[in-house]
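Enquirer: Below are the sequence and a predicted model for it; my questions follow.
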Amino acid sequence: MTTTISPTGIERRFGDSEILVSRTDKDGYITYCNGLFRDITGYGNKALVGQPHNCMRHPDMPRSIFMRLWDGLDEAKEDVFAYVQNLATNGDHYWTFARISPARDDKGDVVGYEASRRVPNRTVVREIIEPLYKELCDIEAKFDDADEGLKASNDHLSALLRDKSTSYRHFVLSL
């Protein structure tokens with residue numbers, strides 16, 4: 001999947017009791033996705049399995065949020081939570097409240113990740129998440145060097161969390 005998808009601005013929604021599920025290997029390549037996940041994304045199973053999970057990344061999703069997710073999974077080896085906006089095959093988007101959990105083998109070693117996504121709180125998305133993500137994306141876009149933009153965005157997010165005397169995990173779960 002190397003095609004660039006342009007966002008349409010149209011949101012796809014799913015039911016409050018429905019859960020989108022996907023699994024990846026340790027490197028973030030999709031190994032499984034449930035039917036609802038395929039329906040919302042518009043991709044078939046063959047098109048998704050084996051692809052990097054970031055193939056659905058919406059351009060309005062700050063890279064610093066994904067850095068927080070991976071850092072939380074790699075360092076703490078515990079569940080990570082985030083509000084995530086992704087793209088469907090036709091450019092429509094969908095918002096989720098995601099819980100990403102390490103998958104372990106019999107020895108307790110992390111062998112992959114499982115993400116379960118629920119319908120997000122629409123008020124939180126509109127009033128808190130969208131403005132925050134726009135601010136972070138704007139910071140990232142100010143830099144010609146993507147790594148510098150990522151660092152500046154992450155530093156800004158760290159300062160916001162410090163001002164609130166909270167961690168990213170507690171911030172997200174408090175919304």
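Expert: Everything's here; your move.
Enquirer: C-alpha only now, for contacts and for neighbours.
Expert: Fine.
Enquirer: what's stretch 140-154 in contact with?
Expert: Contacts with stretch 140-154, where a contact means C-alpha atoms under 8 Å, 6 or more residues apart in numbering, come from 62, 63, 64, 65, 136, 137, 139.
Enquirer: For those residues, work out which two are farthest apart.
Expert: 65 and 139 (12.8 Å; C-alpha to C-alpha).
Enquirer: Would you quantify the distance from residue 109 to residue 21?
Expert: According to C-alpha to C-alpha, to the nearest Å, residue 109 and residue 21 sit 21 Å apart.
Enquirer: Look at the two and report which has more neighbours.
Expert: Neighbours per residue (other C-alpha atoms under 10 Å) separate residue 109 from residue 21, with residue 21 holding more: 20 against 11.
Enquirer: C-terminal to the lengthiest strand in the chain, what's the next element?
Expert: Assignment by DSSP state E gives strand 93-104 as the longest strand of the chain. Downstream of strand 93-104, the first helix or strand assigned by DSSP states H and E is strand 110-118.
Enquirer: give me the beta-bridge partners of residue 102?
Expert: Beta bridges link residue 102 to residue 113, judged by DSSP bridges.
Enquirer: which residues does it contact?
Expert: 73, 77, 78, 79, 110, 111, 112, 113, 114.
Enquirer: Would you quantify the distance from it to residue 163?
Expert: 30 Å.
Enquirer: before we move on, what about residue 7?
Expert: 33 Å.
Enquirer: Have a look at the two and say which one is more surrounded.
Expert: residue 7 (18 against 9).
Enquirer: mind checking the backbone torsions on that one?
Expert: Dihedral pair for residue 7: phi -60, psi 140, per degrees, to the nearest 10.
Enquirer: Also residue 87?
Expert: phi -110, psi 140.
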